[in-house]
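> Kindly generate the corresponding structure for this input.
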Amino acid sequence: MSSAQQSRKTYEISDFLNRQLNTYARMASVAGVSVLALNGASEAKVVYTQTYEVTHIGFPLYIDLNHDGIKDFLLRTTYYAGTAGLEVGLNAAGYWNANNAVAGRRFSRSGYFLSGASALPANAQIGPKGHFSVGFPFMAEELFSKGAGSQDSDLGAWVGKGNGVKDRYLGLRFVVNGQVHYGWARVSVTLGHHRQHDDVNGTLTGYAYETVPNKPIITGQTTGPDVITVQPDTLGGLALGRQ
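Numbering: from 1, shown residues only. Purely as a prediction, here's the structure:
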């Protein structure tokens, strides 16, 4: 046995990931894609999905982290016009399972307690020590007071200096078969300040999860011997029956 073979590591992976990868292989064969392209998949501990999706008012953007056909999280552009003014925003939340949650914190503003989703940088650790206790946290909001000459204001960790942020990360906790896993979603946010629908947009460019239950994951980790990359419009999409 060569030294390279002796140093090669193997990992235990969950049943649902084994089933998922087997489905990828079968569907790849049907589609004429070489199964050799999946070499090393059985050793993956982080599954990364490349994508490019933009939120729009009235059309929530769903995230199926592990491609099992179940929606785990959503991103949603909001628009509310009331007697006091107008609010246009973007929020993120767990979906399907009540234990799915987005990392965030509560803070006080004008005497009210609000829940905001954290805008994490690259190389941050997401795991059991994270803050996942807030419900339905928002990412960014534009606030417009009613009446001529009123001043606009922004709110949330994702507004940056007023123009949004690029390539920040949502921390994600989700449950599969009763076991907790951690992941992240890479999102860029733009703000238009124009008092209109879709004035606050989120662009999802990738997401990932750790296959080992309760094991932390590092935001932005997309390469390395422990990572497998899939694309929803290729192998991932085929595995779900999409053409």
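> Count the residues that sit near N163.
By other Cβ atoms under 10 Å, the residues close to N163 number 13. For the C-beta atoms, the positions are set from N, CA and C on the backbone; glycine is no exception.
> Next, the contact list for it, please.
With contacts taken as Cβ atoms under 8 Å, 6 or more residues apart in numbering, N163 has the following neighbours: T190, L191.
> Make 12 the starting number, not 1.
Yes, from this point I'll number from 12; that puts the last item at N174.
> Can you give me the buried ones in stretch 219-231?
Under the neighbour-count criterion of 16 or more other Cβ atoms under 10 Å, stretch 219-231 has A219, Y220, E221, T222, V223, I228, I229, T230, G231 buried.
> send the alpha carbons of the helix or strand that contains L85 over as PDB?
Assigned by DSSP states H and E, L85 belongs to strand 84-92. Written as PDB, here are the backbone C-alpha positions of strand 84-92 (Å, rounded to 0.1, in the frame of the first residue of the first chain):
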ATOM      1  CA  PHE A  84     -35.600  27.900   5.000                       C
ATOM      2  CA  LEU A  85     -37.000  30.800   3.100                       C
ATOM      3  CA  LEU A  86     -35.900  34.300   2.100                       C
ATOM      4  CA  ARG A  87     -38.700  36.800   1.500                       C
ATOM      5  CA  THR A  88     -39.000  40.400   0.400                       C
ATOM      6  CA  THR A  89     -41.700  42.300   2.300                       C
ATOM      7  CA  TYR A  90     -43.800  45.400   1.600                       C
ATOM      8  CA  TYR A  91     -46.100  47.000   4.100                       C
ATOM      9  CA  ALA A  92     -47.900  50.300   3.600                       C
END
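> in the chain, which ranges drop under the pLDDT threshold?
Judged by pLDDT under 70, the chain has its weakly predicted residues at 12-55, 119-124, 159-162, 243-254.
> so the most centrally placed residue in it is in which element?
For the chain, the residue lying nearest the average C-alpha position, counting by Cα atoms, centre = their mean, turns out to be A196 (2.6 Å). Mapping A196 onto the secondary structure by DSSP H and E places it in strand 190-202.
> Quick check: buried residues in the next helix or strand after the strand holding L85?
Reading on from strand 84-92 to the C-terminus, the next helix or strand found by DSSP H and E is strand 96-105. The neighbour-count check on strand 96-105 (16+ other Cβ under 10 Å) flags L97, E98, V99, G100, L101, N102, A103, A104, G105 as buried.
> just the angle between strand 96-105 and strand 190-202, please?
Counting by axes from the mean of the first three to the mean of the last three Cα atoms, to 10 degrees, strand 96-105 points 150 degrees away from the direction of strand 190-202.
> just checking, what packs against the helix or strand that strand 96-105 is followed by?
Proceeding N to C from strand 96-105, the next assigned helix or strand is strand 112-113, under DSSP H and E. With contacts defined as 3 or more Cβ pairs under 8 Å, 6 or more residues apart in numbering; DSSP states H and E, the packing partners of strand 112-113 are strand 96-105, strand 176-187.
> Let's have these in JSON lines, adding distance to D75.
Compiled in JSON lines, the helices and strands packed on strand 112-113 are given as follows (distance: least, Cβ to Cβ, whole Å):
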{"stretch": "strand 96-105", "distance to D75": "13"}
{"stretch": "strand 176-187", "distance to D75": "10"}
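> Run through the bridge partners of A92.
L97 (DSSP bridges).
> what about it, how many residues close to it?
Neighbours of A92 using other Cβ under 10 Å come to 12.
> Any figure for the gap between it and H208?
A92 sits 10 Å away from H208, going by Cβ to Cβ, to the nearest Å.
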